[in-house]
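Chemist: Predicted model and sequence follow; I will ask about them next.
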Amino acid sequence: MTDASTIPADPTAEAIADEVAIEATKQATAADQTFGDFDIHPDIVAALASHGITTPFPIQAMTLPVALSGHDIIGQAKTGTGKTLGFGIPLLNKVIARGDDAWDAFPHQGKPQALAVAPTRELAVQVAADLERAGAQRGIRVLTVYGGRAYEPQIEALQKGIDVVVGTPGRLIDLAKQGHLDLSRTKTVVLDEADEMLDLGFLPDVEKLLAMTSPARQTMLFSATMPGAVVALARRYMTQPTHIRAMQEGEGDTSQTVKAITQYVFRAHAMDKIEMLARILQAKERGLTIVFSRTKRTAAKVADELVDRGFAAASIHGDLGQGAREQALRAFRSGKVDVLVATDVAARGIDVENVTHVINYQCPEDEKTYVHRIGRTGRAGQTGIAVTFVDWDDLHRWTMINKALDLGIPDPEETYSSSDHLYSELDIPREAKGRLPKSAQTRAGLDAEKLEDLGETGKSSGRRPAGGRGGSRDGGRGRSQGSRDGGRDGGRDGGREGGRERSGRDGGTGEVRAEGAAPRRNRNRRRTRGGQPDAGTSVATD
């Protein structure tokens with residue numbers, strides 16, 4: 001067990017009744033400690049070992065002894081620190097599987113024994129994949145449910161029998177209300193990224209789900225920060241939770257930026273940003289890269305432009321169908337594309353290994369968004385590079401971010417695509433220009449990744465127009481993905497992102513046109529005077 005000590009609770013922890021706060025550093029994990037040292041089912045240990053996973057991360061080493069004993073837990077750690085197995089192993093360890101001796105006498109066969117709730121589809125898919133991998137040798141059945149996919153396959157799986165359900169709040173509630181999802185026998189509940197669920201407005205849905213589960217449940221809540229609403233949720237639904245914080249030595253707050261990330265900030269001209277980006281993407285030793293934008297429109301446009309310039313790029317944002325979003329993520333994880341252009345909402349929960357660069361194409365709204373974005377790199381002990389473009393119009397935003405995080409960069413240096421310091425600081429070859437040379441275009445690209453037909457609800461299947469560019473919209477529809485699920489899950493993605501683009505209105509009429517929609521067509525209507533045509537006059541109408 002790790003060298004952890006009981007210390008006085010911090011102000012947020014004190015608000016949680018009967019809480020024990022445990023804090024440790026990365027050095028607390030013994031070098032020779034393995035998952036086999038804990039009271040974990042041998043098949044789970046063997047399944048992890050088959051994937052080369054043998055040594056626990058600090059948050060896992062601290063969480064496992066407490067969680068395996070059945071206590072409620074509040075886990076506080078940055079993303080990318082290995083939280084999933086910290087709660088996933090105890091969750092799976094508690095499940096009675098079909099191959100167990102106790103299975104024949106188990107009275108609730110096929111009903112979910114465990115529930116994991118995530119704020120976004122991408123995080124739900126990631127959590128479910130980790131659980132399936134760890135529970136494979138025990139034959140544990142894991143189902144992922146979220147908006148944007150057809151109901152029928154999910155309902156069919158529930159009818160056949162499921163041991164663990166992982167999903168987003170909206171679709172989980174819909175299935176429960178329809179009578180397909182019975183959570184009354186669920187005795188283990190995990191709330192992952194609780195602060196993100198708060199930001200997305202999901203906490204009322206989470207409370208409804210908790211009320212559907214067994215009163216005798218074990219509840220594990222994981223959150224990078226502990227805002228008041230999350231603390232209140234813990235007080236209402238948890239019993240004497242143990243508060244576990246895994247933090248790097250010297251870090252006093254999870255809002256502090258990761259020290260392993262080298263940060264660059266450049267004052268850039270809007271018309272020169274794409275040229276700067278294209279040259280940065282040719283930096284030496286650059287691997288997988290995430291480019292962040294504030295709006296869906298910009299994400300689509302930047303991805304298209306990069307594809308035109310020879311880069312293997314794809315986009316992910318709220319207006320893409322779920323099939324297209326998953327296609328982009330699979331292509332990114334497999335390396336078929338090495339540049340993913342994403343909006344903040346769509347990128348929540350994306351955890352991809354070996355991301356070397358994060359580029360803020362548009363300045364973040366606030367310091368929390370900045371930390372979230374750059375935290376996509378420098379994960380699990382690795383190092384990374386974060387680059388932020390600050391347009392003249394964004395200087396006030398950057399001033400607030402710099403002051404809040406005490407970054408010491410109050411006045412970003414004016415930079416152009418031809419600036420010498422851009423090349424030298426980011427290790428860009430001097431011969432690099434705004435297009436990727438043919439000889440360097442070695443990746444398969446997005447079209448090499450199969451686009452699945454998921455039977456999506458709320459819009460078309462997410463297929464792109466001919467050419468399949470990373471930023472193209474499916475069918476030109478502007479309707480939010482998942483809108484038939486009560487505006488939940490994917491609908492929140494589209495709604496939140498869409499609200500930032502309302503300024504792109506058509507002709508001052510107040511009508512918001514979707515990106516990719518057909519442009520307004522001008523027709524000439526001839527005016528008349530006294531019933532006779534008035535030569536030389538016409539008016540453009542709809």
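Modeler: Arrived safely, thanks for sending.
Chemist: ok, L203 - how many residues close by?
Modeler: 18 (other C-beta atoms under 10 Å). Yep, even glycine has a C-beta here, placed from its N, CA and C like the rest.
Chemist: For it, give me the backbone phi and psi.
Modeler: Main-chain torsions, L203, degrees, to the nearest 10: phi -60, psi -40.
Chemist: Also R443?
Modeler: Dihedral angles for R443 - degrees, to the nearest 10 - are phi -90, psi 150.
Chemist: Can you name the residues that contact it?
Modeler: Residues in contact with R443, defined by C-beta atoms under 8 Å, 6 or more residues apart in numbering, are A312, G335, K336, V337, D338.
Chemist: for M400, same thing?
Modeler: D366, E367.
Chemist: That one: what secondary structure?
Modeler: At M400, secondary structure determined by DSSP: H, G, I helix; E, B strand; the rest coil is helix.
Chemist: Please tell me how far the closest residue to E452 other than its chain neighbours sits from R121.
Modeler: Closest residue to E452 in three dimensions, ignoring its sequence neighbours and counting by C-beta to C-beta, 6 or more residues apart in numbering: G323, at 5.1 Å. According to C-beta to C-beta, to the nearest Å, G323 stands 11 Å off from R121.
Chemist: do the same with L329
Modeler: Distance from L329 to R121, by C-beta to C-beta: 10 Å.
Chemist: likewise D32?
Modeler: 38 Å.
Chemist: Tell me which of those two has more neighbours.
Modeler: Neighbour totals were compared for D32 and R121, and R121 leads with 29 against 7 (other C-beta under 10 Å).
Chemist: Surely L288 touches L329?
Modeler: No - taking contacts as C-beta atoms under 8 Å, L288 lies outside contact range of L329: 11.6 Å.
Chemist: Please, where are all the helices along the stretch 201-350 of the chain?
Modeler: Applying DSSP state H, counting those that start in this stretch to the stretch 201-350 of the chain gives helices spanning 203-212, 228-237, 273-280, 296-308, 322-334, 344-347.
Chemist: Pull the distance from stretch 323-341 to the chain's centre.
Modeler: Chain-centre distance of stretch 323-341: 13 Å, with C-alpha atoms, centre = their mean, to the nearest Å.
Chemist: buried set for that stretch?
Modeler: Residues of stretch 323-341 classed as buried: 323-333, 336-341 (neighbour count, 16 or more other C-beta atoms under 10 Å).
Chemist: same thing with stretch 88-107?
Modeler: G88, I89, P90, L91, L92, N93, K94, V95, I96, A97.
Chemist: What's the mean pLDDT across stretch 421-438?
Modeler: Averaging pLDDT along stretch 421-438 gives 96.
Chemist: ugh, wrong one, stretch 120-129
Modeler: Stretch 120-129 comes out at a mean pLDDT of 89.
Chemist: So for that stretch, what gets flagged as buried?
Modeler: Buried, per 16+ other C-beta under 10 Å, within stretch 120-129: T120, R121, E122, L123, A124, V125, Q126, V127, A128.
Chemist: Which pair of those spans the longest distance?
Modeler: T120 and A128 (12.5 Å; C-beta to C-beta).
Chemist: List just the nearest of the contacts of R443 to L395.
Modeler: D338 (31.0 Å).
Chemist: I'd guessed that closest one sits against T289; true?
Modeler: Yes - with contact defined as C-beta under 8 Å, D338 reaches T289; the gap is 6.3 Å.
Chemist: Kindly indicate which of the buried residues of stretch 88-107 lies nearest W392.
Modeler: G88 (46.4 Å).
Chemist: List the contacts of that closest one.
Modeler: A116, V127, D130, L131, A134, V190.
Chemist: Find the residue closest to it in space, skipping its chain neighbours.
Modeler: Counting by C-beta to C-beta, 6+ apart, the residue nearest G88 is L131, at 5.1 Å.
Chemist: what about that neighbour, which helix or strand?
Modeler: helix 121-135 (DSSP states H and E).
Chemist: The next helix-or-strand element following that helix packs against which elements?
Modeler: Using DSSP H and E, the next helix or strand after helix 121-135 towards the C-terminus is strand 142-145. Contacts defined by 3 or more C-beta pairs under 8 Å, 6 or more residues apart in numbering; DSSP states H and E place strand 142-145 against helix 121-135, helix 151-160, strand 164-167, helix 169-177.
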